[in-house]
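[1] Model the structure of this input:
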Amino acid sequence: MSDVGTVALGNIVCVPERTYFEVTSVKMSAKAAATCKIFSFQDYRSTPDPIFEVRPECLQPSVAPIIIDNGSFQTRAGWACGAEDLCAPQLQFKSVAARSRGAARSETQIGNDISNLEPLRWLLKSQFDRNVVVNFEIQELMFDYVFMHLGIGSEGSVEHPVVLTEAPCNPLHCRQMMSELLFECYRVPQLSYGVDSLYSFYHNNTKRGVTPPHTGMVISSGYHCSHILPVINGRLDAGNCKRVNVGGSHAASYLQRLLQLKYPGHLAAVTLSRMEELLHEHSYTALDYKEELEKWRSGEFYEREVHRLQLPYSAKLLGGSLSAEERQEKRAQQLRRLQEMNARRREEKLQQDQERLDTLLAVQELLEDGLLEQFHRRLVELNMDSAEELQSYISKLSLAVEQGRQRAMHSDTADGKTEVSELEPTVDEGDGVTEMDPELTEDGAEGEKPANTVQPVFNMAEYHQLFVGTERLRVPEILFQPSLIGEDQMGLMETLQYVLDRYTPEQQEALVRNVFLTGGNMQYPGMKERVERELLAMRPFQSHFQVSVASRPALDAWYGARDWALQNAPGGHGWVTRQDYEEKGGEYLSEHCASNALVSMRISKHPARAPEPQQTTPTSGPAPVSAPGPASVTTTATTPAPAPAGTDVTMVTALGNPQVPSTAGQ
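    Predicted coordinates for the structure are as follows:
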């Protein structure tokens, strides 16, 4: 590496990336320039989703469930039926809504109805806080969008069962509000909840032919956060789940800050949408972070691996590249533009002078009619002292109006050829003279230039390029080192080691034999190799492990939920019916292989305090008689008999409270 640096820079070795580029940009050979990779931003524009019709296969022999993968970055919805053309999600849109304050529901734009997110970035709202649904007004708009575009036209209710994904260790209050929304507002017949990463885990295990019950370690990384989920004998061990508050949104924000600091002249062009495109198309995970950074110090490696992203720009032609005819035409256009500006200004000035003259003549008529009092009052308003001064102003304005009319008539009859020297006295400062070609002199002739003058060539396209070098690996590294963005918590592999330490050596061996990577933030090239390298460093000598990646990390959650719905008929195992909702409450969860776990918690209920007797204030005299009107009814709440001290009340609750377990501070 040092040899390459010495050849390229002389005595300078191992300089930072930007300094290296500035020093070697002039010395870069034609061969190195030819190997540079220049890309352009796609700037994807979404198109509105069509409104589908419900297929007969979704109604017979029984109604097909609706599968909704309620992701924090993207929502996917479709049917769980046997038709081959319905085996993929019909709807895929970003989980955002553009709704201004005070706007009606009909004015809200959702998902793919927003072709470009950047102009409406300040209006975008999501139903998620991290990966937990908290804004149920926006969630209701999402459900409206899904049901309408899937073609469900039943009035007042949705006659199809719904399979919905939720976060690991979802708080009870959030599930209660979600069940209330679906059962009370949409009146769905059955509902099932499941964890998206577990659906993906079982779907890929089934495709690989792994016999159930499945045991493994799921590493899931989404848009807002990442999770470590241990699965033992086909069930989620919710007590040992851990969350890392780093995801795709943090990576996009970090990359945006890096490039805005590097290119302060292109702040407006470095948008979050383009940063997400950079992450998806140009980033990768380094096998060894420090060694990879050392490689980037090499000049040859930099020129070979750097990605140039071309920003859109408008190429302006330089004066030296124009022919004589083009320069003459350009001067003629500028002269015509100045003539039009002068003519318009003369017309405005003439109109103002004429209005002023009419006002003064009206005041003079008051004097001729003998209305002296009104005449003197108008003179004071016009800031004049005598009739002689008024007459002097009238004479000057009359002469100016007459001259203006003559110039206007002369300009109409002239052939349009006006010298620049005649135009300059009537043009005020800043009225467009700066738009004149610098080659145009006062007499309209082209200034002579020395024949041997060399015009510097400025590459406008290269100025509008983003050189993405070490940022390609620095941004995905925040999954393993959250301290790069200021997060005081462990990375994914440290958290994995922390979770494994909670098990016996035999259980650890079984878990690491099936380490599964899923989630949209796990699609970086080299992610599997990096996890294998980290596991090799942390596991004991001669221990065995296996790492696999989801075939479609962002979509397999929906496919797994569809497979589960096809194997489990609505109303059976894993489904919450409306009767269950009414009897057991909205937080009730029918547990299945891909759902959150239920833990029976025994809470000691203390005896209730006896109600204090009401104190009445005695009054003298007869009681007041109320006026005739509506009778006022006073109800007294009956207090149930207190339970004996130490009574145990069994509550069924999902493990986890509104604050999901996190690795911060551990």
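
[2] ok, Phe201 - contacts?
    By C-beta atoms under 8 Å, 6 or more residues apart in numbering, Phe201 lies in contact with 214, 216, 218, 231, 516, 518, 560, 594. Just so you know, the C-beta spots here come from the backbone N, C-alpha and C atoms, and that holds for glycine as well.

[3] now, which of these lie within strands?
    If you go by DSSP state E, the contacts of Phe201 have 216, 218, 231, 516, 518 in strands.

[4] Let me know the secondary structure of the residue of the chain most remote from its centre.
    Residue distances from the centre of the chain (C-alpha atoms, centre = their mean) peak at Gly370, which lies 76.4 Å from the mean C-alpha position. Classification of Gly370 using DSSP: H, G, I helix; E, B strand; the rest coil returns coil.

[5] rewinding a little: pick the one among the contacts of Phe201 closest to Glu329.
    The shortest approach to Glu329 among these belongs to Thr518, at 62.9 Å (C-beta to C-beta).

[6] Below-threshold pLDDT in the chain: ranges please.
    1-36, 315-323, 412-458, 599-666 (pLDDT under 70).

[7] Excluding sequence neighbours, find me the nearest residue to Pro525.
    Among residues not flanking Pro525 along the chain, Tyr284 sits closest, at 4.4 Å (C-beta to C-beta, 6 or more residues apart in numbering).

[8] In contact with the one you found, which residues are there?
    By C-beta under 8 Å, 6+ apart, the neighbours of Tyr284 are 472-473, 476, 524-526.

[9] distance of it from Ser551?
    For Tyr284, the distance to Ser551 (C-beta to C-beta, to the nearest Å) stands at 19 Å.

[10] I figured Tyr393 was touching Asp385, is that so?
    No: here Tyr393 does not reach Asp385: they are 11.6 Å apart, not a contact under C-beta atoms under 8 Å.

[11] quick one, which of the two is more surrounded?
    Neighbour comparison, Tyr393 and Asp385: the larger count goes to Tyr393, with 16 against 9 (by other C-beta atoms under 10 Å).

[12] quick one: the strand or helix carrying that one to chain centroid distance?
    Per DSSP states H and E, Tyr393 falls inside helix 387-413. In terms of C-alpha atoms, centre = their mean, to the nearest Å, the centre of helix 387-413 is found 63 Å from the chain centre.

[13] Can you give me the buried ones in it?
    390, 393-394, 397, 400-401, 404 (16 or more other C-beta atoms under 10 Å).

[14] before we move on, the earlier item: neighbour count for the contacts of Phe201 - can I get that in a markdown table?
    A markdown table is the format used below for these (neighbours: other C-beta atoms under 10 Å):
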| residue | neighbour count |
| --- | --- |
| His214 | 21 |
| Gly216 | 21 |
| Val218 | 26 |
| Val231 | 24 |
| Phe516 | 25 |
| Thr518 | 32 |
| Gly560 | 30 |
| Ala594 | 29 |
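
[15] In JSON lines, list the residues you listed along with distance to Gln508.
    As requested, the contacts of Phe201 are exported to JSON lines (distance: C-beta to C-beta, whole Å):
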{"residue": "His214", "distance to Gln508": "16"}
{"residue": "Gly216", "distance to Gln508": "12"}
{"residue": "Val218", "distance to Gln508": "15"}
{"residue": "Val231", "distance to Gln508": "14"}
{"residue": "Phe516", "distance to Gln508": "16"}
{"residue": "Thr518", "distance to Gln508": "21"}
{"residue": "Gly560", "distance to Gln508": "26"}
{"residue": "Ala594", "distance to Gln508": "23"}
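
[16] and of those, the nearest to Gln190?
    Proximity of the contacts of Phe201 to Gln190, judged by C-beta to C-beta, is greatest for Ala594, which lies at 16.2 Å.

[17] For that closest one, which residues are in contact?
    Shown in contact with Ala594 (C-beta under 8 Å, 6+ apart): 194-195, 198-199, 201-202, 560-561, 564.

[18] Just the ones in helices from those residues, please.
    Among the contacts of Ala594, the members found in helices (DSSP state H) are 198-199, 201-202, 560-561, 564.

[19] Looking at those residues, which is nearest Thr47?
    The closest of the ones in helices among the contacts of Ala594 to Thr47 turns out to be Ala561 (C-beta to C-beta; 25.7 Å).

[20] I'd like the distance between that closest one and Ala332.
    69 Å.

[21] residue ranges of the strands in the stretch 51-200 of the chain, please?
    Applying DSSP state E, counting those that start in this stretch to the stretch 51-200 of the chain gives strands spanning 66-70, 74-79, 91-94, 97-98, 109-110, 124-125, 128-129, 132-133, 162-166, 190-195.

[22] Of all those strands, which one is nearest Leu259?
    strand 124-125 (21.2 Å).

[23] What strands line up against the closest one, and which way round?
    Using DSSP bridges, the strands paired with strand 124-125 are strand 97-98 (antiparallel).

[24] So what touches the strand it pairs with?
    Outside strand 97-98, the residues that touch it by C-beta under 8 Å, 6+ apart are 108-111, 114, 120, 123-126, 138, 141-142.

[25] of those, buried ones?
    Neighbour-count burial (16+ other C-beta under 10 Å) applied to the contacts of strand 97-98 gives 108-111, 114, 120, 123, 126, 138, 141-142.

[26] Please determine how far the closest residue to Cys81 other than its chain neighbours is located from Arg578.
    Using C-beta to C-beta, 6+ apart and skipping residues adjacent in sequence, the residue nearest Cys81 is Ala64, 4.1 Å away. Counting by C-beta to C-beta, the separation of Ala64 from Arg578 is 18 Å.

[27] More neighbours: which of those two?
    Ala64 (23 against 16).

[28] Next, the contact list for the more buried one, please.
    57-58, 79-81, 160.

[29] again, only this time at 7 Å
    Ala64 sits next to 58, 79-81, 160 when contact means C-beta atoms under 7 Å, 6 or more residues apart in numbering.

[30] got it, and Val218?
    Val218 touches 197-198, 201, 229, 231, 516, 518, counting by C-beta under 7 Å, 6+ apart.

[31] cutoff 6 Å now
    By C-beta atoms under 6 Å, 6 or more residues apart in numbering, the contact list for Val218 reads 197, 201, 229, 516.

[32] what about the nearest residue to it once chain neighbours are set aside, neighbour count?
    Leaving out its chain neighbours, the residue that sits closest to Val218 by C-beta to C-beta, 6+ apart is Leu229, at 4.1 Å. Here the number of neighbours of Leu229 (other C-beta under 10 Å) works out to 25.

[33] Verify the stated contact: Leu229 with Asn240.
    No: Leu229 lies out of contact with Asn240 (C-beta atoms under 6 Å); the separation is 8.8 Å.

[34] quick revisit: helices or strands next to the helix holding Tyr393 in the packing?
    helix 324-368 (3 or more C-beta pairs under 6 Å, 6 or more residues apart in numbering; DSSP states H and E).
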